[in-house]
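Trainee: Build me a model from this:
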Amino acid sequence: MIFSFHPAAEGEYFEAANFYKNHSVKVSESFIFEIEKGIQQILDNPLAWAEVEPGIRRYLVRRFSFAIYYRIKEERIQIMAVVHFNKRPVSYKNRIGDK
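Mentor: Modelled structure (predicted):
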């Protein structure tokens, strides 16, 4: 299975990585590692994580208090959002109609 980022989700991911990089390169590298590990786990078993609403699932990256919202579309995973727990996770909802 392959994956793609919704453009806004990719921006969220890079923004968070840069935020951590401003504090510590090591922390930023750990954040990237955890997100990439999460994506790989999603790819390995896409149905393993909770469906938070029809068609949208959520993987929790507990070490950094982030969530990866994704959907399964045909034979690929589309990552809809990469958000901190403290942010409102509704950011992906206006992206659902996007390709």
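Trainee: which secondary element of the protein has the worst mean pLDDT?
Mentor: For the chain, counting by mean pLDDT, DSSP states H and E, strand 51-53 ranks last in confidence among helices and strands (a mean of 92).
Trainee: what's the average pLDDT for the helix ranked longest in the chain?
Mentor: Ranked by number of residues, the top helix in the chain under DSSP state H is helix 25-44. When pLDDT is averaged over helix 25-44, the result is 97.
Trainee: Just checking: what are the partner strands of the least confident helix or strand of the chain?
Mentor: Paired neighbours of strand 51-53 in the sheet (DSSP bridges): strand 56-61 (antiparallel).
Trainee: pLDDT of the helix or strand following the strand it pairs with, averaged?
Mentor: Once strand 56-61 ends, the next helix or strand along the chain (criterion: DSSP states H and E) is strand 66-73. In this model, strand 66-73 carries a mean pLDDT of 95.
Trainee: center of this structure - which residue?
Mentor: Residue closest to the mean C-alpha point of the chain, counted by Cα atoms, centre = their mean, is Ile68 at 2.6 Å.
Trainee: residues of the longest helix of the chain that come out buried?
Mentor: Neighbour counts using 16 or more other Cβ atoms under 10 Å place 28, 31-32, 35, 38-39, 42 of helix 25-44 among the buried residues. Any C-beta I mention is one placed from the backbone N, CA and C, and that applies to glycine too.
Trainee: What is the nearest of those to His6?
Mentor: Nearest to His6 among the buried residues of helix 25-44, counting by Cβ to Cβ, is Ile39 at 13.3 Å.
Trainee: Sweet, I'm off.
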